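K.L.:
Show me the folded form of this:
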Amino acid sequence: MKVTMIHQPELIETEIDVRYPKWSARVKHIEKMLLSVEITIGGKCDNVTYRLTPGDIYYIESVDKRTYLYGEQMVYEATERLYQLEEMLKNIGFVRVSKKCLINQIYLQSIKMLPNSHVEAKLLNGEKVIVTRNYITNIREALESAL
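P.N.:
This is a model prediction of the structure:
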């Protein structure tokens with residue numbers, strides 16, 4: 001892959017052109033990453049507020065009417081509700097895997113069928129998230145699009 005950076009002070013906003021020989025999952029991934037740069041989400045951890053980008057978040061979970069953002073090693077509490085975050089992040093690679101959980105598909109490592117008709121999604125940081133029956137199609141499509 002070749003990256004060319006051109007400084008043009010006369011531009012009003014940053015423009016990015018991506019040229020590709022054939023549409024692929026990798027090109028789609030690049031598009032999602034570029035779009036995610038503009039989004040920031042507030043998260044609190046130990047009374048400190050952080051500005052997180054979607055790339056900082058492995059998965060999002062709602063527990064007892066609170067929404068938590070799980071990073072590689074830290075957990076943050078979000079001010080937004082799960083449905084609000086889903087709407088904000090659905091076009092840049094987040095997928096619903098249960099009524100209370102979204103995962104960032106760029107961190108999806110593998111899926112494994114469990115005996116109770118559920119699926120276990122393993123993320124790159126070693127975390128395992130249960131995918132309920134209603135959302136198995138979502139996770140399969142997410143994994144296939146990453147290949």
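K.L.:
where do the helices sit along this protein?
P.N.:
25-36, 82-89, 136-146 (DSSP state H).
K.L.:
weakest of those helices in terms of mean pLDDT?
P.N.:
Ranked by mean pLDDT, the helices of the chain bottom out at helix 136-146, with a mean of 74.
K.L.:
Which residue lies nearest the spatial centre of the protein?
P.N.:
Asn104 (2.6 Å; CA atoms, centre = their mean).
K.L.:
how close does the closest residue to Ile30 other than its chain neighbours sit to Asp64?
P.N.:
Spatially, and ignoring its direct neighbours in sequence, Ile30 is nearest to Val18 (6.1 Å; CB to CB, 6 or more residues apart in numbering). (Glycine included, C-beta is placed from N, CA and C.) Distance from Val18 to Asp64, counting by CB to CB, to the nearest Å: 42 Å.
K.L.:
More neighbours: which of the two?
P.N.:
Val18 (9 against 4; other CB atoms under 10 Å).
K.L.:
Let me see the backbone angles for that one.
P.N.:
phi -120, psi 120 (degrees, to the nearest 10).
K.L.:
Go ahead and confirm it touches Met33.
P.N.:
No - Val18 sits out of contact with Met33 when judged by CB atoms under 8 Å, with a separation of 10.6 Å.
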